[in-house]
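**Student:** Sharing a model that was predicted from the sequence below.
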Amino acid sequence: MKHTIGRIAAICAVLSSLPAMSVAQTSISHTDSYGPTSTGYTNHSETFTLPGFDPAWGTLESVTVSYHGQVLNSVAFENLGNTNHTPTGYVFNLEAGHGIGLLALGLDPGSISPFAPGTFELDASVWGNSSNFIASSTFLQEVHEITSPNSFDGIRDFGGTSGFTYAYGTILDVEQSVTFTDSSSLALFMGSTVTLHDFQGSGFEMRAYGGNNDFIMVTDKKGEVTVTYNFAAVPEPAAAMLGALGILLLGFRRRH
């Protein structure tokens, strides 16, 4: 009996001095999202706030960021004049540029603009630079209406005989995942929280025949980000020690 207890004590001393044992890969995911709501306005940045990685969980080996961004749009026109439109060309012509994307890690959204200076056109130097984004996409929307609305029908509903509405729904949709493994990127995910930003811009140019027209372009957006931490979990040395003690005690009971 004394010899057995001595062996157990010796094994416990050895096990407690051993480094922790590695186990299979473990993953933890967190998601944040916004819109489409009254806060999902366009032409500015939205913020995603997610829990960061706690080093106590183990060794962080990679982080996968999955982004899904959408731009939603509708266009409406009403002739408020008392005469019919009789154009030789388009009654209504719209060209709009839309872009949305998840900004690169650590990039301040206040340092860039969606539009070229002094214009409502998307800035190619921003949207064409892949280093600015984890994921992004742009779209040129063109609406050309040749149907001649009649004189105002007395109801300002962007329909009837004097107006029209295009409910396009989702006109821009980007969905992409990127995995980071380099130490400098992984360091940005350490801590209690992680902040990511998406970035959206919509600019347009509209031309309409006649002088008494009402025009609306309603653009909204929504976004979702999921951050997945892939890491090697590390069990406490005490867990391995307790397992060894259990095996030894089981053997002791069988012999006695």
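**Tutor:** Okay, I see it. Residues are numbered from 1 along each chain as shown.
**Student:** And stretch 45-55, how far out from the chain middle?
**Tutor:** 11 Å (Cα atoms, centre = their mean, to the nearest Å).
**Student:** now swap in stretch 152-165 and tell me
**Tutor:** Mean-position distance between stretch 152-165 and its chain equals 38 Å (Cα atoms, centre = their mean).
**Student:** quick one: contacts of that stretch?
**Tutor:** 74-82, 145, 147, 149-151, 212, 214, 216 (Cβ atoms under 8 Å, 6 or more residues apart in numbering). All C-beta spots, glycine's among them, are computed from the backbone N, C-alpha and C.
**Student:** Stretch 114-131 too?
**Tutor:** So stretch 114-131 is in contact with 43, 97-99, 101, 104, 112-113, 132, 136, 138, 199-201, 203-205, going by Cβ under 8 Å, 6+ apart.
**Student:** Inside strands: which ones of those residues?
**Tutor:** 97-99, 101, 136, 138, 199-201, 203-205 (DSSP state E).
**Student:** Can you tell me which of those comes closest to V227?
**Tutor:** Nearest to V227 among the ones in strands among the contacts of stretch 114-131 is G101, at 16.5 Å by Cβ to Cβ.
**Student:** now the helices for the stretch 51-200 of the chain?
**Tutor:** With helices called from DSSP state H, counting those that start in this stretch, the stretch 51-200 of the chain shows them at 124-127, 183-187.
**Student:** is it possible to export the ones you listed to TSV including distance to E224 and mean pLDDT?
**Tutor:** Formatted as TSV, these follow (distance: least, Cβ to Cβ, whole Å; pLDDT from 0 to 100):
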stretch	distance to E224	mean pLDDT
helix 124-127	21	91
helix 183-187	21	96
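**Student:** Give me whichever of these is most buried.
**Tutor:** Among the helices of the stretch 51-200 of the chain, helix 124-127 has the highest mean neighbour count (mean count of other Cβ atoms under 10 Å), at a mean of 15.
**Student:** Can you flag the buried ones in the contacts of stretch 152-165?
**Tutor:** Neighbour counting with 16 or more other Cβ atoms under 10 Å marks 74-79, 81, 145, 149 as buried within these.
**Student:** in stretch 100-112, what's buried?
**Tutor:** Residues of stretch 100-112 classed as buried under the neighbour-count rule (16+ other Cβ under 10 Å) are 100-105, 107, 112.
**Student:** In strands, which of the buried ones among the contacts of stretch 152-165 appear?
**Tutor:** Using DSSP E, these in strands are 74-79, 145.
**Student:** Pairing-wise in the sheet, spell out the partners of E175.
**Tutor:** Residues in a beta bridge with E175, per DSSP bridges, are H68.
**Student:** can you tell me which residues contact it?
**Tutor:** E175 makes contact with 66-69, 135, according to Cβ under 8 Å, 6+ apart.
**Student:** Widest-spaced pair of the buried residues of stretch 100-112?
**Tutor:** Distances among these were taken as Cβ to Cβ; the most separated pair is I100 and L105, at 17.6 Å.
**Student:** sorry, back to before: nearest to P51 among the helices of the stretch 51-200 of the chain would be which one?
**Tutor:** In terms of Cβ to Cβ, the element of the helices of the stretch 51-200 of the chain nearest to P51 is helix 183-187, at 15.1 Å.
**Student:** Which neighbouring elements make contact with that closest one?
**Tutor:** Here helix 183-187 touches strand 58-79, going by 3 or more Cβ pairs under 8 Å, 6 or more residues apart in numbering; DSSP states H and E.
**Student:** quick one: low-confidence parts of the chain?
**Tutor:** 1-24, 37-41, 85-90, 146-148, 210-211, 235-256 (pLDDT under 70).
**Student:** ok, 90 please
**Tutor:** Applying pLDDT under 90 to the chain flags the ranges 1-25, 35-46, 72-97, 108-122, 140-152, 161-169, 201-221, 233-256.
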